[in-house]
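Novice: sequence plus the predicted model coming up.
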Amino acid sequence: MHTIADLIVDGLRSAGVSRIHGLPGDSLNGLTDALRRNPSVTWEHYRHEEAAAFAAAGEAAVTGSLAVCAGSCGPGNLHLVNGLFEAQRSRVPVLAIAAHIPGSEIGTGYFQETHPQELFRECSDFCELAATPEQFPRLLDIALRTAVERSGVSVLVVPGDVLLHRLDHPRRPSVVLPTAPVVRPGDAEIERAAALLDASERITILAGAGCAGAHDQLVRLAAALRAPVVHTLRGKEHVEYDNPYDVGMTGLLGFTSGYRAMERCDTLLMLGTDFPYRQFLPEHATTVQVDVRGEQIGRRTRVDLALVGTVRDTAEALLPKLAPRTGSQHLDAARAHYVDTRAALDRLAVDDHDRTPVHPQYLARVVDELAADDAVFVPDVGSPVIWSARYLTMNGRRRLIGSFTHGSMANALPQAIGVQSAFPDRQVIALSGDGGLAMLLGDLITLKQQRHPVKIVVFNNGALSFVELEMKAEGMVNFGTDLDNPNFADVATALGVHGRRVEHPADLGEALRTAFAHPGPALVEVMTARQELSVPPTIKFEQAKGFALYAARTVLSGRGDELLELARTNISRHLPS
């Protein structure tokens with residue numbers, strides 16, 4: 001017997017796919033039965049389809065190769081949507097197989113009927129309904145090719161009866177694998193860019209995720225231009241390491257040295273970044289932007305010269321055209337500022353005389369020190385992202401992935417599971433917020449069932465603390481952000497996962513070492529300071545006014561103890577004990 005579902009399995013295997021992340025259902029029975037008969041592609045069973053889609057996005061982000069998720073008809077595949085938005089906005093190749101109701105019932109208001117080809121349109125580069133067995137093979141090839149070549153999401157909507165359709169003759173699937181084209185601007189544009197940069201005195205580079213695979217070219221370019229390099233969060237893992245020109249991050253999660261290096265430049269060279277926060281971009285600098293997707297250029301700021309190409313290929317073409325430079329005053333000042341800023345941040349990452357609760361900076365620093373040289377870190381959106389951005393050290397072998405553009409809660413655990421499924425022997429650390437972990441807590445059971453040795457570090461501060469910080473900045477009294485959490489370590493233990501709760505800084509190192517050495521999944525829950533402030537690199541008048549209003553309103557509402565706790569957390573720890 002050879003069915004359309006068997007054709008899917010054969011096609012995925014030919015494309016290098018080893019697993020499908022999903023949750024079974026009756027409309028998917030044809031596919032799961034094909035997987036039973038052909039174990040060359042495994043089935044990764046999740047407790048929620050959203051987690052399955054996040055897992056596929058995590059796998060694709062670290063491997064760079066196509067990953068696949070699947071959901072049954074109606075509510076089943078609708079649950080995929082958040083994880084697919086994550087994959088699409090992070091530009092990683094994912095194919096979603098969205099099973100549909102029987103073809104003859106479409107349009108009748110049948111049980112669990114939706115129209116997936118319409119619902120998934122916004123989060124995909126390709127989304128089509130394979131209504132008949134005859135059209136399916138070509139649609140499968142197009143879906144695979146689109147996801148791989150555009151590094152985006154393809155959604156193939158397939159009625160359950162089409163999956164079960166028997167083919168008269170086995171069909172040999174197309175082999176759809178990534179290509180590696182050279183993409184760079186034309187010679188005239190390269191000459192214009194060189195002339196513009198040669199005429200500039202103070203150049204700053206803003207480097208993003210598009211610098212992946214171009215680390216050496218970036219460093220050579222910074223050396224030739226005598227330019228400090230500011231990196232984005234998504235660029236951190238590709239830019240920060242072995243880079244004597246790096247001056248840190250800017251933006252909401254960054255720090256002052258990155259902000260000042262951009263503020264003081266006369267020319268900004270943007271390399272492979274779609275950095276979204278316009279208020280952190282220089283207002284009067286000449287801007288040159290390099291991106292392989294030309295439609296991305298100029299979306300955030302006025303651009304004087306647009307260069308369409310990969311960072312690697314464009315830098316290789318540009319470097320021989322640049323005139324030698326001798327002056328380095330701008331670079332030297334930016335680097336000196338970075339050294340001071342880095343030292344100030346490191347002084348905050350201390351055990352604070354064993355006072356409780358634990359400062360999240362200290363937790364992130366200890367995780368960084370104890371993690372493997374090739375660890376994969378996956379922080380939840382919210383405060384774990386702040387501390388990861390500031391205290392995790394990249395070295396060219398470590399990876400840092402997350403929902404950095406889509407910005408969804410609950411990404412850390414399922415993305416970590418997806419990464420671990422592809423790299424069973426690699427250390428994968430989910431840096432979970434208490435709110436994020438609780439949102440998809442059911443997939444802690446998936447972790448145990450699949451026996452993946454993911455290590456989960458929970459920042460438990462009893463609140464949606466990043467939301468509280470945003471409220472403070474807007475002058476609002478915190479409301480609706482309290483989390484009445486269970487003991488997550490006890491929950492993990494009850495599920496058969498190694499669990500440990502840490503309340504004192506003195507116990508942190510030993511707890512993490514034990515968890516990291518544990519052969520199976522492990523969870524360390526750390527009680528962290530709720531009122532820890534992370535201040536953006538520049539405080540504008542509106543933000544300062546917002547904090548003042550927050551303080552006044554908090555006192556007037558009878559919650560002055562909250563201000564005392566904020567002061568104790570952020571000020572008194574610098575005083576002698």
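Specialist: Thanks, I have the structure now.

Novice: pLDDT weak spots in the protein?
Specialist: Within the chain, the segments meeting pLDDT under 70 span 1, 533-577.

Novice: just the C-alphas of stretch 149-156, formatted as PDB.
Specialist: Coordinates of each C-alpha in stretch 149-156 appear next as PDB, following Å, rounded to 0.1, in the frame of the first residue of the first chain:
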ATOM      1  CA  GLU A 149      14.500  28.800  -0.300                       C
ATOM      2  CA  ARG A 150      12.700  31.600   1.500                       C
ATOM      3  CA  SER A 151      13.600  30.400   4.900                       C
ATOM      4  CA  GLY A 152      10.000  30.800   6.000                       C
ATOM      5  CA  VAL A 153       6.800  28.900   6.700                       C
ATOM      6  CA  SER A 154       4.800  26.700   4.200                       C
ATOM      7  CA  VAL A 155       1.400  25.400   5.200                       C
ATOM      8  CA  LEU A 156       0.000  22.400   3.300                       C
END
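
Novice: just give me how far that stretch sits from the chain centre.
Specialist: Distance, stretch centre to chain centre, for stretch 149-156: 18 Å (Cα atoms, centre = their mean, to the nearest Å).

Novice: buried sites along it?
Specialist: Neighbour counts over stretch 149-156 (16 or more other Cβ atoms under 10 Å) mark 150, 151, 152, 153, 154, 155, 156 as buried. The C-beta positions use only the backbone N, C-alpha and C, and glycine is treated the same way.

Novice: show me which of those residues is closest to residue 397.
Specialist: Nearest to residue 397 among the buried residues of stretch 149-156 is residue 151, at 22.2 Å by Cβ to Cβ.

Novice: check contacts around the closest one.
Specialist: 91, 92, 93 (Cβ atoms under 8 Å, 6 or more residues apart in numbering).

Novice: would you list every one of the strands in the stretch 251-400 of the chain?
Specialist: 267-271, 286-291, 305-308, 376-379, 399-400 (DSSP state E, counting those that start in this stretch).

Novice: which of those is buried the deepest?
Specialist: Counting by mean count of other Cβ atoms under 10 Å, strand 376-379 has the highest mean neighbour count of the strands of the stretch 251-400 of the chain, with a mean of 30.

Novice: picking that back up, want to throw the strands of the stretch 251-400 of the chain into CSV with distance to residue 246?
Specialist: Listed next are the strands of the stretch 251-400 of the chain as CSV, based on distance: least, Cβ to Cβ, whole Å:
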stretch, distance to residue 246
strand 267-271, 13
strand 286-291, 18
strand 305-308, 22
strand 376-379, 18
strand 399-400, 15
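
Novice: so which of these is nearest residue 113?
Specialist: strand 376-379 (35.4 Å).

Novice: for the closest one, give me every contacting residue.
Specialist: 58, 62, 371, 385, 387-388, 392, 398-402, 411-412, 415-416, 419, 423, 426-431.

Novice: ChimeraX command to pick out the buried ones of these?
Specialist: Only the buried entries of the contacts of strand 376-379 go into this ChimeraX selection, using 16+ other Cβ under 10 Å:
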select :58,62,371,385,387,388,392,398,399,400,401,402,411,412,415,416,419,423,427,428,429,430,431
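
Novice: now, the contacts of strand 376-379 that are in helices?
Specialist: Under the assignment DSSP state H, the contacts of strand 376-379 contribute 58, 62, 385, 387, 388, 412, 415, 416, 419 to helices.

Novice: spatially nearest residue to the first one (excluding sequence neighbours)?
Specialist: The reference is to residue 58. residue 415 (3.1 Å; Cβ to Cβ, 6 or more residues apart in numbering).

Novice: max pairwise distance over the ones in helices among the contacts of strand 376-379: which two?
Specialist: Farthest pair in the ones in helices among the contacts of strand 376-379, by Cβ to Cβ: 62 and 387, 20.9 Å.
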